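>>> my questions concern the predicted model and sequence given below.
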Amino acid sequence: MTNWTRTEMAARVAVDVPEGWYVNLGIGMPTMVSDHVPAEREVIFHSENGVLGMGPAPTPEEADPWLINAGKQQVTLRDGGAFVHHADSFAMIRGGHLDLCVLGAFEVAENGDIANWATSENDTAPAVGGAMDLAAGARRLWVMMEHTTKDGRSKLVKRCGYPLTALACVKRVYTNMAVLDVTPTGFAVVEMAPGVTRDELVAATEAELSF
Amino acid sequence: MIDKTVRSMAEAMDGIKDGAVVLLGGFGSVGQPDALLDGLIEQGAKDLVVVANNAGSGRVGLARLMELGRVRRIVCSFPRSQGSVVFEELYRAGKLELEIVPQGTLAERIRAAGAGIGAFYTPTSVGTKLAEGKDVREINGRMQVLEYALHADIALVEAWEADRWGNLTFNKSGRNFNAIMATAAACTIVQTHHIIPLGGLDPESIVTPGIFVDRVLHVPAKRVAA
């Protein structure tokens, strides 16, 4: 079987992002999605630290320490971009103005619950950042993550075991094995990576799948 | 003549009391008022409650203030980040109280305080352990959590430009929490890279009007943010 690479996953997500959407990409793998949106397709990227219209990483000449994204990496601003303060930035998120947010996750449940901020009930000082606001506030929440953990456990589960970030809000999941929609009857497979078979996907997934 | 500029760090820090609730601007190191933090370390107030997005990194600034045992409680959204060693040490040793707040709820609690709003309901954190013990009710068909305004005694803010009335502009993503924190404290203290003569700032470009600002200290950039 041939799983998608991280780059291929990012490219696959980007295919589904149409022109005109306002999009927040979570820290980590989701950040790679913007590299795969063609420049002529106008998608406006938001960063929760107050940047709307974020562009790619700067060239050495463009580098500006005052212009960072939520992952604290230096970025650029596209023509038409704007800076806002934190309350306005989160009004965009919490007020339902973002068309899409793509987050990473530890687990997604078949009812759309997401766990992506703490790996244990005993971890009393996890870093939530803007994850709960994004999960609850964006019009669409997609998750981009490996299908299984490093030790082979399914990250698509019947019920999340890790502390929840938000309830019943994930609409779609992109993994290295498949694209799956979260439907009222659970995960529905939209597409599988080339060479991945149904049996392999079912074997790698704790939750029930429909094809 | 109104003149909110102060001549010295001592003047900027004057009157900050033990037990004060201090809002600290910045997102990571961008927009963080480093000079004022050093001033607060020097000034000596202790038993502080610090409200900031992050819990400091390395052993300077906020991390130094915590390491000196001057912070009783920190309210933040993202305590663990690269280099947050002092936070880790103190928290593990039980020497620091922590309140984790979703970043948007943190921003809105501060905004609400500045706008005279006592509390609000938000869908953020419903069904999670950050909503435990809080009032939850259905509003407009959605479950929402009650969150209270977060008032402060002091706000420490970094601006890009300021005039003697305390009108402020910010630089790019350096605006972040600074503009809202300026509204939510009994005393807002600003460090600014540039002092502009009154009338020199374009009124359309002023982000924080001077009504929200009490003291302005000129701290020309010595280093770039990282």
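That came through fine.

>>> worst-scoring helix or strand of chain B, pLDDT-wise?
Sorting the helices and strands of chain B by mean pLDDT, DSSP states H and E puts helix B:85-92 at the bottom, at a mean of 93.

>>> up against chain B, what does chain A have?
Those residues of chain A that sit near chain B, judged by C-beta under 8 Å from any C-beta of the partner chain, are A:47-51, A:64-68, A:72, A:77, A:83-87, A:89-90, A:93-94, A:121, A:124-133, A:136-137, A:163-167. All C-beta atoms are positioned from the backbone trio N, CA, C, and that covers glycine.

>>> could you rerun that using 7 Å?
A:48-51, A:64-68, A:72, A:83, A:85-87, A:90, A:93-94, A:125, A:127-130, A:132-133, A:136-137, A:163-165, A:167 (C-beta under 7 Å from any C-beta of the partner chain).

>>> who does A:Leu141 form a beta bridge with?
Beta bridges link A:Leu141 to A:Cys101, A:Val170, judged by DSSP bridges.

>>> where do the helices sit along the chain?
Since no chain was named, I'll use chain A. Along chain A, the segments classed as helices by DSSP state H run A:6-15, A:86-94, A:131-137, A:198-203.

>>> try again with chain B
Ranges of helices in chain B, per DSSP H, are B:9-13, B:34-43, B:62-67, B:85-92, B:103-114, B:178-181.

>>> which of those helices sits closest to A:Pro38?
With respect to A:Pro38, and counting by C-beta to C-beta, the nearest of these is helix B:103-114 at 30.8 Å.

>>> give the contact list for residue 112.
Picked chain A for this. By C-beta atoms under 7 Å, 6 or more residues apart in numbering or on different chains, the residues touching A:Gly112 are A:168-170, A:182.

>>> my bad, the chain I had in mind was chain B
Taking C-beta under 7 Å, 6+ apart, we find B:Ala112 in contact with B:120, B:149.

>>> make it 10 Å
A:87, B:118-120, B:147-151, B:180, B:183-184 (C-beta atoms under 10 Å, 6 or more residues apart in numbering or on different chains).

>>> hmm, back to that, let's have the helices of chain A in a markdown table, adding mean neighbour count, mean pLDDT and distance to A:Asn176.
Shown next, in a markdown table, are the helices of chain A (neighbours: other C-beta atoms under 10 Å in any protein chain shown; pLDDT from 0 to 100; distance: least, C-beta to C-beta, whole Å):
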| stretch | mean neighbour count | mean pLDDT | distance to A:Asn176 |
| --- | --- | --- | --- |
| helix A:6-15 | 18 | 97 | 6 |
| helix A:86-94 | 24 | 98 | 28 |
| helix A:131-137 | 30 | 98 | 22 |
| helix A:198-203 | 13 | 97 | 11 |
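
>>> give me the nearest residue to the residue nearest the centre of chain B, chain neighbours excluded.
With distances taken as C-alpha atoms, centre = their mean, the residue of chain B nearest its centroid is B:Leu24 (2.4 Å). Nearest residue to B:Leu24, sequence neighbours excluded (C-beta to C-beta, 6 or more residues apart in numbering or on different chains): B:Ala52, at 3.9 Å.

>>> try B:Leu37
B:Gly61 is the one closest to B:Leu37 (C-beta to C-beta, 6+ apart), at 4.5 Å.

>>> and for the one you found, the neighbour number?
Other residues within reach of B:Gly61, judged by other C-beta atoms under 10 Å in any protein chain shown, total 22.

>>> how close does it sit to B:Thr192?
Look at B:Gly61 and B:Thr192: by C-beta to C-beta, to the nearest Å, they are 18 Å apart.

>>> sorry, back to before: tell me the one of the contacts of A:Gly112 nearest chain B?
A:Ala168 (8.6 Å; C-beta to the nearest C-beta).

>>> was I right to think that closest one contacts A:Cys160?
No: using C-beta atoms under 10 Å, A:Ala168 is not in contact with A:Cys160, being 11.1 Å away.

>>> anything in contact with each of those two?
Common neighbours of A:Ala168 and A:Cys160 (C-beta under 10 Å, 6+ apart) are A:109, A:111, A:113-114.

>>> for the residues you listed, which single residue is the most surrounded?
For these, the largest neighbour count, defined by other C-beta under 10 Å, is 29 neighbours, found at A:Ile114.

>>> list the contacts of that residue.
Under the criterion of C-beta under 10 Å, 6+ apart, the neighbours of A:Ile114 are A:103-108, A:131-132, A:135, A:141, A:143, A:145, A:160, A:162, A:164-170, A:173, A:182.

>>> tell me the pLDDT of it.
What the model reports for A:Ile114 is a pLDDT of 98.

>>> and the one 3 residues further on, by the same measure?
Among the per-residue scores, A:Trp117 shows a pLDDT of 93.

>>> cool, and A:Gly195?
At A:Gly195, the model reports a pLDDT of 89.

>>> for residue 58, which non-adjacent residue is spatially closest?
I'll assume chain A. That would be A:Thr76: by C-beta to C-beta, 6+ apart, it lies 5.0 Å from A:Pro58.

>>> let's do chain B instead
Nearest non-adjacent residue to B:Gly58, counting by C-beta to C-beta, 6+ apart: B:Gly83, 5.2 Å away.

>>> now B:Lys134
In space, not counting the residues next to it along the chain, B:Lys134 is nearest to B:Val145; the distance is 5.1 Å by C-beta to C-beta, 6+ apart.

>>> surely the one you found touches B:Thr122?
Yes: contact criterion C-beta under 10 Å: B:Val145 and B:Thr122 qualify, at 6.0 Å.

>>> which residues are in contact with both of those two?
A:132, A:136, B:102, B:105, B:131.

>>> now do the nearest residue to B:Arg164 once chain neighbours are set aside: how many residues are near it, please.
Leaving aside its sequence neighbours, B:Arg164 sits nearest to B:Asp3 (C-beta to C-beta, 6+ apart; 4.7 Å). Look at B:Asp3: counted by other C-beta under 10 Å, it has 11 neighbours.

>>> my guess is B:Asp3 contacts B:Trp165. True?
Yes: counting by C-beta under 10 Å, B:Trp165 is a contact partner of B:Asp3 at 8.5 Å.

>>> name the residues contacting each of those two.
Residues touching both B:Asp3 and B:Trp165 (C-beta under 10 Å, 6+ apart): B:198, B:216.

>>> what's the local residue count around B:Thr208?
25.

>>> contacts only, for the closest residue to it other than its chain neighbours.
Counting by C-beta to C-beta, 6+ apart, the nearest residue to B:Thr208 once its immediate chain neighbours are dropped is B:Leu168, at 4.0 Å. Contacts for B:Leu168 (C-beta under 10 Å, 6+ apart) come out as B:157-162, B:175, B:178-179, B:182, B:188, B:190, B:192, B:201, B:206-210, B:212-213, B:216.

>>> having no further points to raise, I will conclude here.
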